[in-house]
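[1] this one's structure only:
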Ligand code: ATP
Ligand code: MG
């Protein structure tokens with residue numbers, strides 16, 4: 001069976017973008033039953049920017065609760081945190097020696113996150129895509145569901161696999177397929193239709209957080225920036241209207257309907273009618289998840305046990321792949 005790997009950073013403050021772009025689709029892939037699914041709290045990635053230790057612990061448990069509350073079954077899927085499986089860091093180093101500086105320097109996320117002060121960014125932030133390639137290829141994963149913002153990193157993962165295979169004359173690492181489909185692969189900021197919704201945006205009004213209460217969600221959608229026009233009659237009419245299109249995309253993704261189907265219902269509506277409908281739908285879909293997250297987080301020992309068990313299962317897949325990689329590269333192993 002084909003294998004899926006994906007992850008989420010425990011860097012605090014999960015958003016509707018993480019839910020629609022990642023979690024909801026992770027659950028769909030698990031439930032389709034066609035793939036073996038491995039999902040990871042990528043704590044080694046989170047520390048590429050400063051993380052307060054106590055907050056990292058809490059955010060890791062919160063992210064795990066988010067997975068389970070959203071419908072990931074830790075028996076059917078493998079759910080764990082990255083730092084417990086040492087193969088990630090090891091293969092990440094090996095890939096740092098395969099990847100080229102120039103490849104990394106072209107990553108838009110590096111340019112965005114390092115900003116103008118790149119001299120002062122961590123070396124890990126620059127090398128991040130090599131570790132991400134290791135996360136995926138450590139399991140020979142063939143499919144990686146992610147949001148649109150990760151597309152460039154996945155192309156780099158393919159380049160690393162291809163260069164490794166070429167340099168060592170093997171056909172060992174698979175060339176992975178990004179899975180970026182559906183109506184909300186890039187959920188945009190509620191304040192600016194050209195920016196992705198992000199937990200790191202300084203404005204809380206720009207995003208819906210997992211954990212926002214019903215009033216907050218209603219207020220954020222009410223204040224979401226839009227143009228003054230009513231909704232057009234079909235989806236094509238949203239082409240030059242990024243803020244309006246974003247809200248329709250969110251509606252479609254939350255309701256599990258196609259954008260065309262949604263437009264046949266809401267076409268022609270004004271914002272005064274559409275925004276409250278959207279808020280009600282969001283509350284309806286998100287509040288059971290946040291309620292369940294709170295229940296799970298009341299028992300951190302149980303979450304830690306689930307992650308520990310997941311790490312053992314992940315390591316059982318990873319260890320032979322790492323051992324074979326080292327053998328291909330010529331490292332002497334103990335006998
Ligand atoms: P950060 O701003 O710290 O990078 P993030 O919100 O981007 O945080 P990540 O942990 O980097 O979260 O990403 C987890 C997953 O969520 C990835 O698959 C990413 O593509 C997806 N994702 C993040 N933001 C969005 C968004 N606005 N729309 C769709 N998918 C998103
Ligand atoms: Mg991100």
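    On my side now, so go ahead. What you see is a predicted model, and the numbers here were worked out from it, not measured in a lab. Residues are numbered from 1 along each chain as shown. Ligands and ions are numbered 1, 2, ... in the order given.
[2] outline the domain layout of this structure.
    Split into domains by automatic domain parsing, the chain comes to 3-179+299-329, 204-295.
[3] packing partners of the longest helix along the chain?
    Counting by DSSP state H, the longest helix found in the chain is helix 300-329. Packed against helix 300-329 by the contact rule (3 or more Cβ pairs under 8 Å, 6 or more residues apart in numbering; DSSP states H and E) you find strand 36-41, helix 53-70, strand 78-81, helix 87-96, helix 271-297. In this view, the C-beta of every residue, glycine as well, is placed from N, C-alpha and C.
[4] not counting sequence-adjacent ones, nearest residue to the closest residue to ligand 1 within the stretch 51-200 of the chain?
    Going by Cβ to the nearest ligand atom, ligand 1 is nearest to residue 147 of the stretch 51-200 of the chain, at 2.4 Å. Leaving aside its sequence neighbours, residue 147 sits nearest to residue 21 (Cβ to Cβ, 6 or more residues apart in numbering; 3.2 Å).
[5] wait, is that neighbour part of a helix?
    Yes: assignment of residue 21 by DSSP: H, G, I helix; E, B strand; the rest coil places it within a helix.
[6] and it, how many neighbours?
    26 (other Cβ atoms under 10 Å).
[7] and it, what does it touch?
    Going by Cβ atoms under 8 Å, 6 or more residues apart in numbering, residue 21 touches 146, 147, 148, 149, 184, 185, 186, 187.
[8] just the buried members of these?
    146, 147, 149, 184, 185, 186, 187 (16 or more other Cβ atoms under 10 Å).
[9] so what's the residue nearest to the last one when sequence neighbours are not counted up against?
    Meaning residue 187. Residue nearest to residue 187 in three dimensions, not counting chain neighbours: residue 17, with 3.9 Å by Cβ to Cβ, 6+ apart. Residue 17 makes contacts with 147, 184, 187, 196, 197, 198, 207, as judged by Cβ under 8 Å, 6+ apart.
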